[in-house]
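1. Sequence first, then the predicted structure:
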2 protein chains.
Amino acid sequence: MIMKFNTIIALTFILFCATFKVNAQDSLMIRKIYDEALVNGKCYENLHYLCKDIGPRLSGSTNAQKAIEWGKTLMESYGFDRVFLQEVMVPHWVRGAKETGEIIIDDKKIPVPICALGMSIATPNDGINAKVIEVSSLKQLDTLGEAAIKGNIVFFNRPFDPRFIETGRAYGTAGDQRFMGPAAAAKYGAVGAIVRSLTEIIDDYPHTGATLSSGKTIPAAAISTKAADMLSILLKGNQNVLKFRFKQNCKLLPDTLSYNVVGEMTGSENPNKFITVGGHLDSWDLAEGANDDGTGIMQSLEVLRILKSVGYKPKNSIRAVFFINEENGDKGGVKYAELAVKNKEDHIAAIETDEGGFTPRGFGFSGLPTGVLKKINQNWKPLLEPYEADRLIAGGGGADIEPLKTASKDVVIIGYLPDSQRYFDLHHSAKDVFENVNKRELELGSAAMAALVYLIDQKGLK
Amino acid sequence: MIMKFNTIIALTFILFCATFKVNAQDSLMIRKIYDEALVNGKCYENLHYLCKDIGPRLSGSTNAQKAIEWGKTLMESYGFDRVFLQEVMVPHWVRGAKETGEIIIDDKKIPVPICALGMSIATPNDGINAKVIEVSSLKQLDTLGEAAIKGNIVFFNRPFDPRFIETGRAYGTAGDQRFMGPAAAAKYGAVGAIVRSLTEIIDDYPHTGATLSSGKTIPAAAISTKAADMLSILLKGNQNVLKFRFKQNCKLLPDTLSYNVVGEMTGSENPNKFITVGGHLDSWDLAEGANDDGTGIMQSLEVLRILKSVGYKPKNSIRAVFFINEENGDKGGVKYAELAVKNKEDHIAAIETDEGGFTPRGFGFSGLPTGVLKKINQNWKPLLEPYEADRLIAGGGGADIEPLKTASKDVVIIGYLPDSQRYFDLHHSAKDVFENVNKRELELGSAAMAALVYLIDQKGLK
């Protein structure tokens, strides 16, 4: 009996040590990862180059091609095991010359800031000039019907709901106006559509973004929130006399050959199992695409650089992917998934960082087997807590990695969750520039993702 | 036996309902608080007034007095039960005219950005011009001794350690150079001191802040991090020929009568028990004191406004306090505690918000009875988690509420913890302006504090 008791004690002790050793090793590795990111971090200077030496890089543009070539060369300079491009045809939309918008009441003209929505068609050369029907939802179009809408401009003006704590949810519930509103208005005979910019901040910057470009289409533009508020007020007393006029000469050119850029550290045990971390290389054309999504691709690259720098040898293959064409087509994400099927690549997990380079809060997981989120919260949360990146919740992902779900049946799709408060102040507007990225916040994000990749590589997600 | 079992079941159920009801009530009240902050919030526009219509407000200045009067009037306009001033004498230091610094090597002069440290004395009219001894610690002064230091300028150049996750810790470990360095150098006969700005960011902005002004003093200035790096490099090859010259004509005027501003919602059950939330009204003079600590006082006021707006009737008295003179004397905080003793006010808790108006992460508690932090984490954390302000940790407080510790023996001292990454980029520099405050982040902070005040008022901290 005594022997047996001692045996139990000894076994418990060994088990405890083993557990402790694992945790201590993990803890030390994560500290190393953070030190590398914070002391020798490269993503901030890389982002500076991307923003200031290349700049806006919409799919199909010369700048996008420049960024692809630079990104590939940069990856090669870090000495990863493989660096390669994946060919993919992408849409090539161009904004054209100066866009103008004005509110006209009798002989008064008030210029207001607008920008064409991505994928929209142009107006005639002298613009569209029509009365304005303000609506707060797509449903309201059905109520109003063709009688009210035909020949007019539909003005979608439902603001962000400020009560959401995560601003992405406000974007999610307001976003139908931009993406589907113009096409829905076209069905009822509207001649144009203007959409309140998808942001809570009240200022003079219009925010672009893709609008549905199939079916019957009409010229569609975003209007700044300040101008939207003004237009709404002016409409109240002047519904019958107020007209809105806007001009834009954007166009859709033929599809262009472009590329995803992929860097890989090949796994020592399971070279054909992959953990992918990525963002998108393309950006809207109004600014530098700093937070959307320059930060994402520079962080993804940094994850690999950090793991290599600290001497980590992954069991599984780890990839950084610069996806092309997230903003107006998702062709890069779709192609990556297609090639994963074709090449029989087994993806364990894919992490997307496309919500800005802000302070990390944690990660959202989709596709985890039952019980695993709880296990992760028990075992990994304490490791990430000292770094304040320990919010590990259900749900999340990203447009580029979403297609992997069907390509790789057990893949876990993970969205990196930075603090969301500032993102939509900048998103798709002329304010999305390098100056609005904080060095430490960016670096902490790359470290949080490297730590998660390390944990997944070591422990799996089953 | 069956009866007894049923009784237990029934009691358990009642207890469960009671618990659930309380939680549901708390949960609903906290949602109300957040909605009020995010939909009808006033702190952003109040902060705009404070920054743009008043501006910098160092203790003893005309602007500080303006802010005090405006603050009192604003509190009165909200209809709190009591609004009053607390008289307190404060130091009155003024910076004077343009300050200049330059590195001189032979006949070359390189101008560099400097600013006098708060409470420093002036240089002679034609400045101080001397050789430079670079040190990385106060201890190094002892090693070097008078032989090396006498007649020279000591240059404190230990940078922020980027490895700390919370930047306040980097500030804490580098801060001795600014606060005690110049006085320590004076003891060894230095003729002046220049201190690397207390920030991690590398740029051209010098960051001021108080330096010890008792004992033997010498003129002391902060130098921008970029200039500090350059000076350090230049020193390496030119130790014997390089000189540094700086001019400043700051001075300390006689103490001035000033005030803390206090607004109060008087408690319905315990009018003489207090929960205080505050920040400091005074700011450094180089900018608008937006994040340090305009955000703090506007959030503190907002806590009361929110609670009143949602119709909450506190059990205990709740106060918003605009403390004066945190930056260079702490006289306001000391006076508040003195008056608490004199008036036999029993303080349950005091919360300070003086780490910027950034996204809330949680709160740090000092002086909690044993076991209470665990209880709070069990009961309150789930209520704050949906708002991502649920980091409830041991340790924390603030300079203004620290003196309450001795005044009120059971008081719990609480530091509001916003995200720390951006604070020291701005802190005490010309960049601390309204434009660097985000509306939602500010509002979320006021809501988090109002929620905590509500919970403390309802449940206590025992």
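-> Perfect, thanks for sending it.

2. Now do the domain split for chain A, please.
-> A:30-92+A:254-459, A:99-251 (automatic domain parsing).

3. Give me the next element, helix or strand, following the helix or strand bottoming out on mean pLDDT in chain A.
-> Taking mean pLDDT, DSSP states H and E as the measure, chain A has helix A:2-40 as its least confident helix or strand, at a mean of 72. Next helix or strand after helix A:2-40 toward the C-terminus (DSSP states H and E): helix A:43-48.

4. which helices and strands sit right next to that next one?
-> Counting contacts by 3 or more CB pairs under 8 Å, 6 or more residues apart in numbering or on different chains; DSSP states H and E, helix A:43-48 packs against helix A:295-309, helix A:439-459. Every C-beta, even on glycine, is put in place using the N, C-alpha and C of the backbone.

5. now the longest strand that chain A contains and helix A:295-309, what's the angle there?
-> The single longest strand within chain A, with elements called by DSSP state E, is strand A:251-265. On the basis of axes from the mean of the first three to the mean of the last three CA atoms, to 10 degrees, strand A:251-265 is oriented at 20 degrees to helix A:295-309.

6. Which strands border strand A:251-265, and is each parallel or antiparallel?
-> In the sheet, strand A:251-265 lines up against strand A:82-94 (antiparallel), strand A:316-323 (antiparallel) (DSSP bridges).

7. List the buried residues in that strand.
-> A:252, A:256, A:258-265 (16 or more other CB atoms under 10 Å in any protein chain shown).

8. can you list the helices and strands packed on helix A:43-48 in TSV and add distance to chain B and mean pLDDT?
-> Shown next, in TSV, are the helices and strands packed on helix A:43-48 (distance: least, CB to the nearest CB, whole Å; pLDDT from 0 to 100):
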stretch	distance to chain B	mean pLDDT
helix A:295-309	14	98
helix A:439-459	5	98
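
9. mind checking which of the domains of chain A is nearest residue B:365?
-> Residue B:365 lies closest to domain A:30-92+A:254-459 among the domains of chain A, at 16.9 Å (CB to CB).

10. Check residue A:1 and give its pLDDT.
-> Listed pLDDT for residue A:1 reads 40.

11. that older thread, with only the CA atoms kept, save the longest strand of chain A in PDB.
-> What follows is strand A:251-265 as a C-alpha-only set of coordinates in PDB (Å, rounded to 0.1, in the frame of the first residue of the first chain):
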ATOM      1  CA  LYS A 251     -14.000  52.000 -65.600                       C
ATOM      2  CA  LEU A 252     -13.500  48.300 -65.600                       C
ATOM      3  CA  LEU A 253     -10.600  47.200 -67.900                       C
ATOM      4  CA  PRO A 254     -10.000  43.600 -69.000                       C
ATOM      5  CA  ASP A 255      -8.800  41.200 -66.300                       C
ATOM      6  CA  THR A 256      -5.100  41.200 -65.600                       C
ATOM      7  CA  LEU A 257      -2.600  38.500 -64.700                       C
ATOM      8  CA  SER A 258      -1.500  38.900 -61.100                       C
ATOM      9  CA  TYR A 259      -0.100  36.900 -58.200                       C
ATOM     10  CA  ASN A 260      -0.300  35.700 -54.600                       C
ATOM     11  CA  VAL A 261       3.100  35.900 -53.000                       C
ATOM     12  CA  VAL A 262       3.900  32.900 -50.800                       C
ATOM     13  CA  GLY A 263       6.900  32.400 -48.400                       C
ATOM     14  CA  GLU A 264       7.300  29.100 -46.600                       C
ATOM     15  CA  MET A 265       9.300  27.500 -43.800                       C
END
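
12. chain center to stretch A:140-157: distance?
-> Mean-position distance between stretch A:140-157 and its chain equals 31 Å (CA atoms, centre = their mean, to the nearest Å).

13. how about it: buried residues?
-> A:141, A:144, A:148-149, A:152-157.

14. got the residues you listed as TSV, with distance to residue B:335, pLDDT and secondary structure columns?
-> Below are the buried residues of stretch A:140-157 laid out as TSV (distance: CB to CB, whole Å; pLDDT from 0 to 100; DSSP: H, G, I helix; E, B strand; the rest coil):
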residue	distance to residue B:335	pLDDT	secondary structure
A:141	63	97	helix
A:144	64	98	helix
A:148	66	97	helix
A:149	66	98	helix
A:152	65	98	coil
A:153	62	98	strand
A:154	61	98	strand
A:155	56	98	strand
A:156	55	98	strand
A:157	51	98	coil
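
15. and which of the residues you listed is nearest to residue A:315?
-> Of all the buried residues of stretch A:140-157, residue A:156 has the smallest distance to residue A:315: 49.7 Å, by CB to CB.

16. is it true that that closest one touches residue A:197?
-> No - Residue A:156 lies out of contact with residue A:197 (CB atoms under 8 Å); the separation is 10.5 Å.

17. Give me the common contacts of the two.
-> Residues touching both residue A:156 and residue A:197 (CB atoms under 8 Å, 6 or more residues apart in numbering or on different chains): none.

18. for chain B, what are the nearby residues on the stretch 1-150 of chain A?
-> Residues of the stretch 1-150 of chain A found near chain B (CB under 8 Å from any CB of the partner chain) are A:34-35, A:38-39.

19. contacting residues around the residue of the stretch 51-200 of chain A at minimum distance from chain B?
-> Using CB to the nearest CB, the closest approach of the stretch 51-200 of chain A to chain B is made by residue A:162 at 4.4 Å. With contact taken as CB under 8 Å, 6+ apart, residue A:162 is in contact with A:170, A:200, B:38-39, B:440.

20. now, among those, which is nearest to residue B:277?
-> Nearest to residue B:277 among the contacts of residue A:162: residue B:38, at 18.6 Å, using CB to CB.

21. Identify the residue spatially nearest to the closest one, adjacent ones excluded.
-> In space, and not counting its chain neighbours, residue B:38 is closest to residue A:162: 4.4 Å by CB to CB, 6 or more residues apart in numbering or on different chains.

22. And the residue lying closest to residue A:88 once chain neighbours are set aside, its phi and psi?
-> Distances taken as CB to CB, 6+ apart put residue A:335 closest to residue A:88, at 4.0 Å, once the chain neighbours are dropped. With angles defined as degrees, to the nearest 10, residue A:335 sits at phi -60, psi -40.

23. so how far is residue B:285 from residue A:335?
-> 57 Å (CB to CB, to the nearest Å).

24. Residue A:104 bridge partners, please.
-> Here residue A:104, judged by DSSP bridges, has bridge partners residue A:109, residue A:243.

25. pretty sure it contacts residue A:129?
-> Yes - between residue A:104 and residue A:129 a contact is recorded at 7.3 Å, counting by CB under 8 Å.

26. okay, the two: which has more neighbours?
-> Higher neighbour count among residue A:104 and residue A:129: residue A:129, with 17 against 14, using other CB atoms under 10 Å in any protein chain shown.

27. Give the helix, strand or coil label for the more buried one.
-> Assigned by DSSP: H, G, I helix; E, B strand; the rest coil, the conformation of residue A:129 is strand.

28. who's in contact with it?
-> Residue A:129 makes contact with A:104, A:243-245, according to CB under 8 Å, 6+ apart.

29. swap in residue A:137?
-> A:158, A:177.

30. Which pLDDT value goes with it?
-> On pLDDT, residue A:137 comes in at 97.

31. Show me the residue at the heart of chain A, geometrically.
-> Central residue of chain A (CA atoms, centre = their mean): residue A:354, 2.9 Å from the mean position.

32. Would you check that that one makes contact with residue A:289?
-> No - using CB under 8 Å, residue A:354 makes no contact with residue A:289, being 11.0 Å away.

33. ok, back up a step: just the domains of chain A: most buried one?
-> Of those, the one with the most neighbours on average (mean count of other CB atoms under 10 Å in any protein chain shown) is domain A:30-92+A:254-459, at a mean of 22.

34. what's the first-to-last distance across that domain?
-> Distance between the two ends of domain A:30-92+A:254-459: 14 Å, counting by CA to CA, to the nearest Å.

35. where in chain A is pLDDT low?
-> Low-confidence segments of chain A (pLDDT under 70): A:1-22.

36. run the last query once more with 80
-> Applying pLDDT under 80 to chain A flags the ranges A:1-23.

37. Kind regards, and thank you for your time.
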